[in-house]
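Novice: next come a sequence and a model predicted from it.
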Amino acid sequence: MATLPSWQVARVRSQNFWLALVVPEAVMGRPALALAVAPESLLGPGAGLRLLLGLWWPEGGWPRLRALLLAAITLASISLLVAGVALKLYMDTPQELEEFAFCGLVALVCVGFLIKDIVFIMEGSTLLRLVTRLSVMRSEYGGGESSESKRRRYMQISERMYRYFQAMAIPAVTCWVCVPLVSSVMTSADEISTEQRRQFPLPAWVPTSFDASPTYEILYVIQSAFAMITAESTVCTDIFFFNLMLMVAAELEILNDCIAAMQESRSKTQGSKDEQDTDALKRI
């Protein structure tokens, strides 16, 4: 049985690589979902937190229902922040331009976070298919130690960026939440009124009767939790796409190495053939 040259074998592998990306069901005649299940590395850092926030919906009955409830809590948290700022602008419009601009900024940012999370949840099935196709390619091609080393290197970059994101988000939200408390403690009661002391981490309108304890403290804790949920949800969605781009970049680097090896092998084969032709001409 005739054996294909190494450069032709590499060419066939590179063609099958892109075939698996476009039509994973065609690879070896097996369904894509049966061929590979999306591994943890492709879901990226923070996969467990995305499940906890209801941003990533697993397959099945009860897990999917649980994800629906968690997603409703996450979206409701962000929506209530937007509603609080909107009521503040409508019911108690700030007189100072700085405070009015700050309320508008918070509203726009929270609306952006809300839209991003809604789209992420709605397109979850599309993202799952994309991750599954990438998993198919990883399971079929580039399984050598060199390829795995490249993937681990990109994964380490993703994990490092996730830690950076968390290091920026958690302290920022914590400091933001603590600012009204520190301000009220450091300022004497004679300098500011009770209404001014009863500030929340984010602008929000509440009835006057809610300023009394312990209602104020409960609302303060609830809004702080909503702010942390909002920050974590946007970190989880951002790191997912960041990790996905890194994983695709790793596969492209592996493919580039395969093409380079194919060209090198082909040039060696052609050079060997030219030498054989030269020797034959010398013998004539």
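Specialist: That came through fine. Predicted model, so just to flag it, every value in this text is computed and none were measured.

Novice: quick check: which ranges of the stretch 51-200 of the chain have low pLDDT?
Specialist: Within the stretch 51-200 of the chain, the segments meeting pLDDT under 70 span 60-62, 142-143, 187-197.

Novice: how about the helices in it?
Specialist: 62-91, 97-122, 124-140, 145-186, 194-197 (DSSP state H, counting those that start in this stretch).

Novice: between the fourth one and helix 124-140, how big is the angle?
Specialist: Direction vectors for helix 145-186 and helix 124-140, defined by axes from the mean of the first three to the mean of the last three C-alpha atoms, to 10 degrees, enclose an angle of 140 degrees.

Novice: quick one, which of the helices of the stretch 51-200 of the chain gets closest to residue 262.
Specialist: helix 145-186 (15.0 Å; C-beta to C-beta). (Each C-beta comes from the backbone N, C-alpha and C, glycine too.)

Novice: which strands or helices does that closest one pack on?
Specialist: Under the contact criterion of 3 or more C-beta pairs under 8 Å, 6 or more residues apart in numbering; DSSP states H and E, helix 145-186 touches helix 215-283.

Novice: for the helix it packs on, the averaged confidence score.
Specialist: Mean per-residue pLDDT for helix 215-283: 81.

Novice: from what I see, residue 94 and residue 106 are in contact.
Specialist: No - look at residue 94 against residue 106 with C-beta atoms under 8 Å: they stay out of range, at 11.8 Å.

Novice: returning to that earlier point: could you identify which of the helices of the stretch 51-200 of the chain is most buried?
Specialist: helix 124-140 (a mean of 18; mean count of other C-beta atoms under 10 Å).

Novice: and the residue lying closest to residue 46 once chain neighbours are set aside, how far from residue 91?
Specialist: Among residues not flanking residue 46 along the chain, residue 236 sits closest, at 4.8 Å (C-beta to C-beta, 6 or more residues apart in numbering). With distances taken as C-beta to C-beta, to the nearest Å, residue 236 is found 33 Å from residue 91.
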